[in-house]
Each structure stands twice: as C-alpha cells, then as structure tokens.
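Colleague: any chance you can model this:
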Amino acid sequence: MNDTAPAGLLALSHVALRASDIERSVAFYRDVLGYDEASRLYHGDGALMLLNMRVSELQWIELFDARRLSPDGGRIHQIAFRTADAEALRRLLLGRGFDVPGECPRGQMGNAYLIVRSPDGVDIEFVEYLPAAWPLRDPSSHLPARRLSSRILRIGVEVRDPRASRAFYLGQLGLTETASGTWAIPGHEPCLQPSASPVTPPCFVLAVPNLGRALARLVEAGHQMTSGSAPCIHQTNGGEQRIELFDPDGVCVQLVERSATVDEQDRSR
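Modeller: Next comes the predicted model:
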C-alpha cells in the first residue's frame, strides 16, 4: 500500500471553523463532544486568532475568532492535511502553477506549512509536523477519556464548480474518487465529502467506536439539538448510521461508527 498520494499527503490534520463567539463554541466542543482546549494563538496586536480543541495525538479542531476574518468566507475556514515533506510539496505545487512562497513558513506552533486556495474559496493547508513542534513535542496531553471521538474521518467540501474542484482535488492533489462519490487519499478511507447542494450545511465527520454508547452519553448529558429535540440515530440512503449535532454556528458534526484497524488508527492519530 502506498502511504502517500502524489502530492505527499498522509492524512487529515485538522479542520478550522469560524466561531462567532469563541467561548460559546469552546463550551460545545468541550461539554458535548468532550474535547480539551490545548492552546491559543494570537495576532501580532495581541488579539486572539484561534484556539485548538485536541481530537487525538495528531488531529485537532481549530476555532477561529470570526471577527478577524473576512465576512464573506464559509463556516469551514480551512481544511488541513498532514504531509511528510512540506518543502517537497511546495516545489511540486510551484511546478503545478500554484502561488506559493519561496520557502515554507513556520507557524506559531512550530510546524512547516503551506496554504493554497481551492476553486471554491476554502483555504487548504498542508502541515509537516516537526519533532520539536506541537503536537509531536506534547503527544499525549489534553486527550481526556471523556471525548466521544478520537478521529476526524471526513470533512465536507462545498463544490461550486464541479469541474474545477475535481481538477484541483483529484488532479492536482492526487485524491481518488470512491464508489460513493467521496474523495480519498490513495490507500485510505475517504477524507473529503463533496456536495454541490446549496442547502447542505457545512459538516465534518467524527468516527466513534460505538454509536449506541455515544447516543446514550449525549442523552445522559442532557444535550438538546438546536430544534429542542433530543439527539437520535439517523440512517442515510447508503445505509450508514449517524448522529447529527450542530455547533453554535450551524456546522453539522456527524458521528459515525467505525472500528478502525491499528494501521488506520496510527495514521489518523
């Protein structure tokens, strides 16, 4: 099995969301999904830029303060992939006509990264985790046993121009299309869930080991949906069962049952 796609992608790294009220969003991801806040990053003037809610050793959810972002962006601000070699990826993308910097910058967490814009206006980030940077320097903190999921499985992608989006994700980044229409890094489960429907809410999918137990924990905690009803298990047309929750800004968080192999767990953590 090839561990990398042609663009050198390894797995999903994180999903970045716009938060109109940071503390309200933190409360949802902490109290409903069970995640701990791992760190906060700041702008040069000292204002909050974002905070990280840690999902696993190698994955997290970023909550950006929407007040400092362009008002015309979507609720999913960034989709991020982990890469083994950011500089090699920079050279490859440069050769494919992308506007990339002369060298890979280092973020506040110390990792090498690149950001390009998808045809649909979403920032796609590529991160090389460096040994002295977070999260590798701190692999096991902020991972409470109470969290419902330890794996970001898929992220929803808004597709405004199907031809341009397929050329970008499948042609330029080397993802492959599955029988269900999702997109995957070769040799891995699907990581992106494209949708051309303007009424489909932005979403991302978390894998849980047992959907029934996840539902019981949500009910026990007294979580209510935005409609005021209790959470429940839905079955899609494709037969997949899931629980759908909505964060304070209307992003749909789907819980689906997955029994990952050790190999899959190692890649996604």
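
Colleague: so who does A133 touch?
Modeller: When contacts are counted by Cβ atoms under 8 Å, 6 or more residues apart in numbering, A133 touches 106, 109-111. C-beta here means a position set from N, CA and C on the backbone, and glycine is covered the same way.

Colleague: from the chain's centre, how far out does stretch 246-263 sit?
Modeller: Remark: stretch 246-263 is offset 10 Å from the chain centroid, using Cα atoms, centre = their mean, to the nearest Å.

Colleague: on that earlier part again, redo the contacts of A133 as a markdown table? Include distance to T83 and pLDDT.
Modeller: As requested, the contacts of A133 are exported to a markdown table (distance: Cβ to Cβ, whole Å; pLDDT from 0 to 100):
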| residue | distance to T83 | pLDDT |
| --- | --- | --- |
| R106 | 14 | 97 |
| M109 | 15 | 95 |
| G110 | 15 | 96 |
| N111 | 10 | 97 |
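
Colleague: list only those of those flagged as buried.
Modeller: Buried by 16 or more other Cβ atoms under 10 Å: 109, 111, out of the contacts of A133.

Colleague: closest one of the contacts of A133 to R146?
Modeller: Taking Cβ to Cβ as the measure, R146 sits nearest to M109 out of the contacts of A133, at 24.4 Å.

Colleague: please, where are all the helices along this protein?
Modeller: Secondary structure of the chain, counting by DSSP state H: helices at 22-31, 86-95, 162-166, 211-220, 262-268.

Colleague: what would these look like in TSV with mean pLDDT, mean neighbour count and distance to A47?
Modeller: Shown next, in TSV, are the helices of the chain (pLDDT from 0 to 100; neighbours: other Cβ atoms under 10 Å; distance: least, Cβ to Cβ, whole Å):
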stretch	mean pLDDT	mean neighbour count	distance to A47
helix 22-31	95	17	11
helix 86-95	95	17	27
helix 162-166	95	15	33
helix 211-220	91	15	34
helix 262-268	42	15	33
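
Colleague: of all these, which one comes closest to L48?
Modeller: helix 22-31 (6.6 Å).

Colleague: residues making contact with the closest one?
Modeller: For helix 22-31, contacts defined as Cβ under 8 Å, 6+ apart pick out 17, 19, 35-37, 48, 51, 53, 61, 63, 65, 221, 247-249.

Colleague: show me where the stretch 101-250 of the chain has strands.
Modeller: For the stretch 101-250 of the chain, strands defined by DSSP state E, counting those that start in this stretch occupy the ranges 112-117, 123-128, 152-158, 176-177, 183-184, 190-195, 203-208, 233-235, 241-246.

Colleague: out of the ones you listed, nearest to P144?
Modeller: Here strand 203-208 is closest among the strands of the stretch 101-250 of the chain (Cβ to Cβ), at 14.9 Å.

Colleague: run through who's touching the closest one.
Modeller: By Cβ under 8 Å, 6+ apart, strand 203-208 touches 15, 33, 55, 76, 148-156, 193, 214, 242, 251-258, 260.

Colleague: so what strands line up beside it?
Modeller: Strand pairing for strand 203-208, using DSSP bridges, gives strand 152-158 (antiparallel), strand 252-257 (parallel).

Colleague: what's the most buried one of these?
Modeller: Most buried of the strands paired with strand 203-208, by mean neighbour count (mean count of other Cβ atoms under 10 Å): strand 152-158, with a mean of 22.
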